[in-house]
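J.: 3D, please:
(4 chains)
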2 protein chains.
Amino acid sequence: MVVFAGQGDARRSMALLWRADAPADGAEKQAPGPKPGLSVDDIVSAGIEVADAEGMAGLSMRAVGERLGRTAMALYTYVPSKNELLDLMFDQTLAELPAEYDLGGGWRAALTAWAEEAVEFNVRHPWVLQVSEARPVLGPNEFVVLESILRILHETGLGSAEVRGAVSALSHFVRGAAQVIADARTAAKTTGVSDNDWWFSRSPLLDEVSPDFADRFPMIAKLETENPVEENGLPPEDTPYMELAARKTFAVGLTLQLDGIAAAIAKRT
Amino acid sequence: MVVFAGQGDARRSMALLWRADAPADGAEKQAPGPKPGLSVDDIVSAGIEVADAEGMAGLSMRAVGERLGRTAMALYTYVPSKNELLDLMFDQTLAELPAEYDLGGGWRAALTAWAEEAVEFNVRHPWVLQVSEARPVLGPNEFVVLESILRILHETGLGSAEVRGAVSALSHFVRGAAQVIADARTAAKTTGVSDNDWWFSRSPLLDEVSPDFADRFPMIAKLETENPVEENGLPPEDTPYMELAARKTFAVGLTLQLDGIAAAIAKRT
DNA sequence: CAGGTTAGTTTATGCCGTAAGGAGATGCAA
DNA sequence: TTGCATCTCCTTACGGCATAAACTAACCTG
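T.: Residues are numbered from 1 along each chain as shown, chains lettered A, B, ... in the order given. Here you go, the predicted model:
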């Protein structure tokens, strides 16, 4: 399911995201009570580790707490809710993306680098894809990332509306591609069935249940015979079939995106 | 979280999807025991209704059963698990998409119609976006839908690899756009906060927490001032701000996709 | 050393998918 | 007509989830 950004106390959320804890000017008075055994950063890091390893479905307050030797409830001292924790995790994770791209090779090379980086990032942290973009988290790193692609697109000389369109097109494309790759990996891992085995168990069943497949779906049949995923014979047993296909398709699709942008540039001049 | 296609008994799944219950040839012998009070279709329809109304998060066996006046466990007589039910719901829902598009106006017009139809479809049934594409469900309607876009792309004369790239680019784009629109609606509904109110509560906090925003993120600041979402003054209080913006951006992004395909065609000749 | 503050715990509530087992209905063979 | 196999549907139970509420214990300040 899709998760939405903090609907709790907006001020506290923003303060956490931007680390504006404001320990007052100089005062810094000693707080009574036991010293904090954890920090927000500890919890965020543990959360990211859990989510990377077990996926969004495996991200529970219990699991995060356990990784830190605490109960689930202990986390609520530092973080108002699981939602806010997820926002913090999201923004923190974005920090590993480059803030700038080399523009020496022109916008096309830079966008290619951006897209490849972005796909790998999302494959590394597939749970990030489940954080809704509709109401952004508004954390610092989210803005850094947005700024970085805007800087590349600035080179194209396109107007604001086209830039907005390009950002969303590229971002949807990259996220979709990463989703497929990540899902393929997760499916193989959680079911214990390789892509090969999965297809070999289903393909004959498809024939059985729809013997006239090639007549009903001529275009699909044509595509499958003309351009099978395995280019030269069957892929080795342990090749991640789906991921391979997805990566090939990504390359072609990316060219489409860039050519579309080139066309928009051509139209302006 | 993302959901994967039936990892249970593949044969039974396929039989359910293709409605190949095979009541034997002519025999049709009366089964003992009480007559079934439900059908798989009843359950699938109820499931779709629940998911449309409450989203993937609200889709529970208990909720589906309740809609049919049964307990959750009653469903397991007809459907092996929630996963298989979701597969059936997915394929059934796809049936409402057109199987063919008018090619009289050329591939560009047809793809535009396809994309607009697809976005509305996904906005109507946002839970569909959570069904993983990595291991397809392999239901009949999934193939119908794929065949329909392949038929359009056939008109372009592109080769298989380019067609695959175009399908994935268009599909990622359409799904991403729909996701944003659907999420915006869900966020407004579940939080009870309009896009306007959301932004007005956060915008000042952003200034507070990052007073040097315009210096740190000049490109973002420029984009916001050059091309604010509200084109002529503030939008009326109840306008779905985010959705409006998403739809504008969708139109621009779609042009990019189509121009990219046009460029691929030009390259071939 | 008393009192207030804080970190962290335990416990409880109401959700979830679904395993296990039982109750009652039904059709067929004897 | 009886008895049984088979089927639908139910109740109960288990271990998971987020988090509210109330508690314990650590700690600083007066």
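J.: what sits up against stretch A:139-154?
T.: In this structure, residues lying in contact with stretch A:139-154 by Cβ atoms under 8 Å, 6 or more residues apart in numbering or on different chains are A:17-18, A:87-88, A:90-92, A:94-95, A:97-101, A:103, A:107, A:110-111, A:114, A:136, A:163, A:166-167, A:170, B:210, B:213, B:216-220, B:223. Any C-beta I mention is one placed from the backbone N, CA and C, and that applies to glycine too.
J.: just the CA trace of that stretch, in CSV.
T.: Below are the C-alpha coordinates for stretch A:139-154, written out as CSV (Å, rounded to 0.1, in the frame of the first residue of the first chain):
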residue,chain,number,x,y,z
GLY,A,139,12.8,17.2,3.4
PRO,A,140,16.1,18.8,2.5
ASN,A,141,17.4,16.0,0.4
GLU,A,142,14.3,15.8,-1.6
PHE,A,143,15.0,19.3,-2.7
VAL,A,144,18.6,18.6,-3.4
VAL,A,145,17.6,15.8,-5.7
LEU,A,146,15.0,17.9,-7.5
GLU,A,147,17.5,20.7,-7.9
SER,A,148,20.0,18.4,-9.4
ILE,A,149,17.8,17.3,-12.3
LEU,A,150,16.5,20.8,-12.8
ARG,A,151,20.1,22.0,-13.2
ILE,A,152,20.6,19.5,-16.0
LEU,A,153,17.4,20.4,-17.7
HIS,A,154,18.3,24.0,-17.4
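J.: about what we covered before: of the contacts of stretch A:139-154, select the buried ones using a ChimeraX command.
T.: Applied in ChimeraX, the following selects the buried portion of the contacts of stretch A:139-154 according to 16 or more other Cβ atoms under 10 Å in any protein chain shown:
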select /A:17,18,87,88,90,91,92,94,97,101,107,110,111,114,136,163,166,167,170 /B:210,213,217,219,220,223
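J.: longest helix in chain A, please.
T.: Criterion DSSP state H: the longest helix present in chain A is helix A:160-191.
J.: is that helix in proximity to DNA strand C?
T.: No. Judged by Cβ under 7 Å from any atom of the strand, helix A:160-191 stays clear of DNA strand C, getting no closer than 13.0 Å.
J.: tell me the angle of that helix relative to helix B:160-191?
T.: 90 degrees (axes from the mean of the first three to the mean of the last three Cα atoms, to 10 degrees).
J.: next one: the residue nearest to the spatial centre of chain A, what pLDDT does it get?
T.: Geometric centre of chain A, nearest residue: A:N122, 3.2 Å, by Cα atoms, centre = their mean. For A:N122, the pLDDT comes out at 98.
J.: and A:N232, by the same measure?
T.: As predicted, A:N232 sits at a pLDDT of 54.
J.: likewise the one 4 residues further on?
T.: On pLDDT, A:P236 comes in at 60.
J.: can you check A:T77 too?
T.: 96.
J.: that older thread, buried stuff in the longest helix of chain A?
T.: Those would be A:162-188, for helix A:160-191 by 16+ other Cβ under 10 Å.
J.: now the helix or strand that it is followed by: average pLDDT?
T.: Next helix or strand after helix A:160-191 toward the C-terminus (DSSP states H and E): helix A:195-209. Here helix A:195-209 scores 91 as its mean pLDDT.
J.: what packs against helix A:195-209?
T.: Under the contact definition 3 or more Cβ pairs under 8 Å, 6 or more residues apart in numbering or on different chains; DSSP states H and E, helix A:195-209 sits against helix A:160-191, helix A:241-268, helix B:10-17.
J.: still on that earlier bit, and the residue nearest to the centre of chain A, what are its phi and psi?
T.: phi -70, psi -30 (degrees, to the nearest 10).
J.: and what of A:G157?
T.: Backbone torsions for A:G157, taken as degrees, to the nearest 10, come to phi 80, psi 10.
J.: wait, it sits on A:R268?
T.: Yes. Between A:G157 and A:R268 there is a contact under Cβ atoms under 8 Å: 6.9 Å.
J.: picking that back up, now check the longest helix of chain A, is it near chain B?
T.: Yes. Shown here: helix A:160-191 in contact with chain B (Cβ under 8 Å from any Cβ of the partner chain) through A:160-166, A:168-169, A:171-173, A:175-177, A:179-181, A:183-184, A:186-187, A:190-191.
J.: give me the pLDDT value at the nearest residue to A:A74 once chain neighbours are set aside.
T.: Here the nearest residue to A:A74 in space, its sequence neighbours aside, is A:G65; by Cβ to Cβ, 6 or more residues apart in numbering or on different chains that works out to 5.8 Å. Looking at A:G65, its pLDDT is 97.
J.: which parts of the helix or strand where A:G65 lies are buried?
T.: A:G65 is part of helix A:61-67 when elements are defined by DSSP H and E. Counting neighbours by 16+ other Cβ under 10 Å, one finds that the buried residues in helix A:61-67 are A:M61, A:A63, A:V64, A:G65, A:R67.
J.: need those residues in TSV with distance to DNA strand C, can you?
T.: Shown next, in TSV, are the buried residues of helix A:61-67 (distance: Cβ to the nearest atom of the strand, whole Å):
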residue	distance to DNA strand C
A:M61	10
A:A63	14
A:V64	11
A:G65	6
A:R67	12
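J.: what's the pLDDT at A:Q7?
T.: Per-residue confidence (pLDDT) for A:Q7: 47.
J.: got the phi and psi for A:A31?
T.: Torsion angles, degrees, to the nearest 10, at A:A31: phi -80, psi 150.
J.: again with A:V131
T.: phi -80, psi 120.
J.: that one pairs with what?
T.: Applying DSSP bridges to A:V131 gives these bridge partners: A:V3.
J.: what is the neighbour count of it?
T.: Neighbours of A:V131 under the rule other Cβ atoms under 10 Å in any protein chain shown: 21.
J.: these two touch, right, it and A:R175?
T.: No. Under the criterion of Cβ under 8 Å, A:V131 makes no contact with A:R175, lying 10.7 Å away.
J.: now A:R247, nearest residue through space, not along the chain?
T.: Using Cβ to Cβ, 6+ apart, the closest residue to A:R247 is A:I181 (7.1 Å).
J.: what does the stretch 1-150 of chain A put close to DNA strand D?
T.: A:29-35, A:59-63, A:72-73, A:76, A:81-83.
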